[in-house]
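S.K.: Can you look at this prediction? I've put the sequence above it.
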Amino acid sequence: MTESPKPRAVSRSGNWHTAIPLTFGFLALAAIVATTFWLNQRAQENFNAVTADRSLRTAAIELRSNLQAAESSQRGYLYTGNEIYLSPFSVAKGQLQKQFEHVEAGLKSYPELKAAGDRLGLAISQKMLEMDASIDLKKNGDDARTLSLIQTNRGKALMDEANVYLSGIIRATEQRSIAGVQEQQKNTSILRWVSIIGALVI
């Protein structure tokens, strides 16, 4: 009778030759998964940041628009004495505080703009006091003091100051949004290369 062939013993070197590529393949796959997870997290964070920046930018633009509307109404009333101009003034004035609160809340993620936000709030409140004072003088028929108040140019200086701060806030939101888009493009490129290299290793 012929003896059945004995099974060959698998050498340890053969096990290592199998285990090493499998280990590298597993690590490559783990790198792809980890990178994808991290980039998804960053994408969500960027999306939230862009949404907040857009909300702050909108609030700043609306605040500037209402401040300009209030000033235009004030000038119309002072020039004509017609109280019909005070209706849009009252509406704009009512919206200013609410919109400034939105801007102030949005600036919490911009610590570098805290001082600008404080100065903006002060400029707006002083501007509103100046407009109220001029309107009250006009209502009381004191045209001389009204003209004297306007000629100090304090109202114009306060308006210019508010515009400077609002423009700075709007630019800051735009710059951060652009930086977020650039980071997202960079992260997409990283994921592409990690996937390509990982696929080759696997």
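M.R.: Received it, and whenever you're ready, just let me know what you need.
S.K.: just checking, what packs against the one helix or strand Leu96 maps to?
M.R.: According to DSSP states H and E, Leu96 maps onto helix 86-106. With contacts defined as 3 or more CB pairs under 8 Å, 6 or more residues apart in numbering; DSSP states H and E, helix 86-106 has these neighbours: helix 12-80, helix 114-139. Any C-beta I mention is one placed from the backbone N, CA and C, and that applies to glycine too.
S.K.: Reformat those as CSV; add distance to Val103 and mean pLDDT.
M.R.: Shown next, in CSV, are those (distance: least, CB to CB, whole Å; pLDDT from 0 to 100):
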stretch, distance to Val103, mean pLDDT
helix 12-80, 5, 80
helix 114-139, 7, 90
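S.K.: deepest of the ones you listed, which one?
M.R.: Ranked by mean neighbour count, the helices and strands packed on helix 86-106 are led by helix 114-139 with a mean of 17 (mean count of other CB atoms under 10 Å).
S.K.: after that helix comes which helix or strand?
M.R.: helix 143-151.
S.K.: Can you list the buried residues in that next one?
M.R.: Of the residues in helix 143-151, those with enough neighbours to count as buried (16 or more other CB atoms under 10 Å) are 146, 149-150.
S.K.: Could you let me know which of those ends up closest to Asp118?
M.R.: Among the buried residues of helix 143-151, Leu149 lies closest to Asp118 (CB to CB), at 25.7 Å.
S.K.: Excluding chain neighbours, what is closest to the closest one?
M.R.: In space, and not counting its chain neighbours, Leu149 is closest to Ser134: 5.3 Å by CB to CB, 6 or more residues apart in numbering.
S.K.: Touching, the one you found and Ser73? I think so.
M.R.: No. Under the criterion of CB atoms under 8 Å, Ser134 makes no contact with Ser73, lying 11.6 Å away.
S.K.: need the contact list for the residue nearest to Glu62 when sequence neighbours are not counted.
M.R.: Excluding the flanking residues, the one nearest Glu62 by CB to CB, 6+ apart is Gln99, at 5.3 Å. By CB atoms under 8 Å, 6 or more residues apart in numbering, the contact list for Gln99 reads 59, 62-63, 66.
S.K.: Out of the residues you listed, which two are the most distant from each other?
M.R.: Ala59 and Asn66, at 10.6 Å, using CB to CB across the contacts of Gln99.
S.K.: Excluding chain neighbours, what is closest to the most centrally placed residue in the chain?
M.R.: What sits nearest the mean C-alpha location of the chain, by CA atoms, centre = their mean, is Asp53, with 1.7 Å. Closest residue to Asp53 apart from its sequence neighbours, by CB to CB, 6+ apart: Thr173 at 4.3 Å.
S.K.: give the contact list for that neighbour.
M.R.: By CB under 8 Å, 6+ apart, the neighbours of Thr173 are 53-54, 56-57, 60.
S.K.: can we see that at 6 Å?
M.R.: Applying CB atoms under 6 Å, 6 or more residues apart in numbering to Thr173 gives the contacts 53, 56-57.
S.K.: Redo these as JSON lines? Include distance to Lys93.
M.R.: Shown next, in JSON lines, are the contacts of Thr173 (distance: CB to CB, whole Å):
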{"residue": "Asp53", "distance to Lys93": "27"}
{"residue": "Leu56", "distance to Lys93": "22"}
{"residue": "Arg57", "distance to Lys93": "22"}
